[in-house]
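Q: Coordinates only, no sequence provided:
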């Protein structure tokens with residue numbers, strides 16, 4: 001006598017399409033997918049796989065992000081543009097680094113940190129624009145950020161010479177314990193507010209110069225160094 005097919009466990013959701021899962025169940029599915037993938041997954045890729053709309057998918061991602069923090073888990077949800085992945089919790093970085101035989105953090109000079117801050121807050125941004133804001137040559141600082149994988153080329157500007165545009169990487173988010181660029185701290189002290197205003201004014205001048213067809217390089221201080 002043939003055996004009957006095993007029945008699904010009570011409460012199991014494996015037979016339900018993802019579009020009919022509760023938010024909690026969809027969050028669990030995302031948790032498994034991100035864990036198994038071991039790489040960033042694009043939201044478009046997840047929508048096609050799960051057959052859910054963008055709003056519901058983003059709700060599930062946000063719910064998983066909150067659960068990882070609230071539950072004190074050893075992983076966090078990291079968002080970079082329209083890609084999401086699971087990364088180790090920043091407070092556990094030294095243990096993960098010890099396991100992998102890696103330095104806990106990249107050793108950056110003051111110039112590199114300042115350049116990284118400009119890129120983080122003003123990306124995508126060209127080398128000339130970085131130097132215009134900082135007022136000094138930033139070749140070495142930018143090169144070190146590229147070497148550490150904290151910054152990468154993200155495109156080309158639609159201006160004369162089509163200069164490279166730079167932005168931050170997922171590694172930058174992980175090194176600084178950020179879930180996304182939205183988590184970047186906002187200036188609060190008067191000094192930081194003043195700096196933000198100066199950067200905004202500089203960025204406006206850059207946009208005006210670019211839109212007017214002028215070369216930003218011509219406005220750079222000559223002979224400046226880091």
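A: Received, thanks. From a predicted model like this one, the values you see are computed outputs, not experimental measurements.

Q: any idea how far residue 76 lies from residue 152?
A: 21 Å (Cβ to Cβ, to the nearest Å). Heads up, the C-betas are built off the backbone N, CA and C, glycines and all.

Q: of those two, who's got more company?
A: residue 76 (22 against 16; other Cβ atoms under 10 Å).

Q: That one touches residue 87, doesn't it?
A: Yes - counting by Cβ atoms under 8 Å, residue 87 is a contact partner of residue 76 at 5.6 Å.

Q: for the residue nearest the centre of the chain, what are its contacts?
A: In the chain, the residue lying closest to the centroid (Cα atoms, centre = their mean) is residue 80, at 3.6 Å. Counting by Cβ atoms under 8 Å, 6 or more residues apart in numbering, residue 80 makes contact with 40, 169, 170, 173, 180, 181.

Q: which ones are touching the fifth one?
A: If a contact means Cβ under 8 Å, 6+ apart, then residue 180 has 78, 79, 80, 173 as its contacts.

Q: repeat that for 6 Å
A: residue 79 (Cβ atoms under 6 Å, 6 or more residues apart in numbering).

Q: Model confidence for it, exactly?
A: The pLDDT attached to residue 180 in the predicted structure is 82.

Q: ok, now how distant is it from residue 80?
A: 7 Å.

Q: And the third one, by the same measure?
A: Taking Cβ to Cβ as the measure, residue 170 and residue 80 are separated by 5 Å.

Q: Same question for the fourth one.
A: Distance check for residue 173 against residue 80: by Cβ to Cβ, it reads 6 Å.

Q: who's in contact with stretch 143-158?
A: 106, 112, 116, 119, 124, 126, 162-167, 169, 171-172.

Q: Among these, name the buried ones.
A: 106, 112, 116, 119, 124, 126, 163-167, 169, 171-172 (16 or more other Cβ atoms under 10 Å).

Q: Which of those sits closest to residue 137?
A: Set against residue 137, the nearest of those by Cβ to Cβ is residue 112 (13.0 Å).

Q: thought that closest one was touching residue 140?
A: No - the pair residue 112 / residue 140 is not scored as a contact, 8.1 Å apart, by Cβ atoms under 6 Å.
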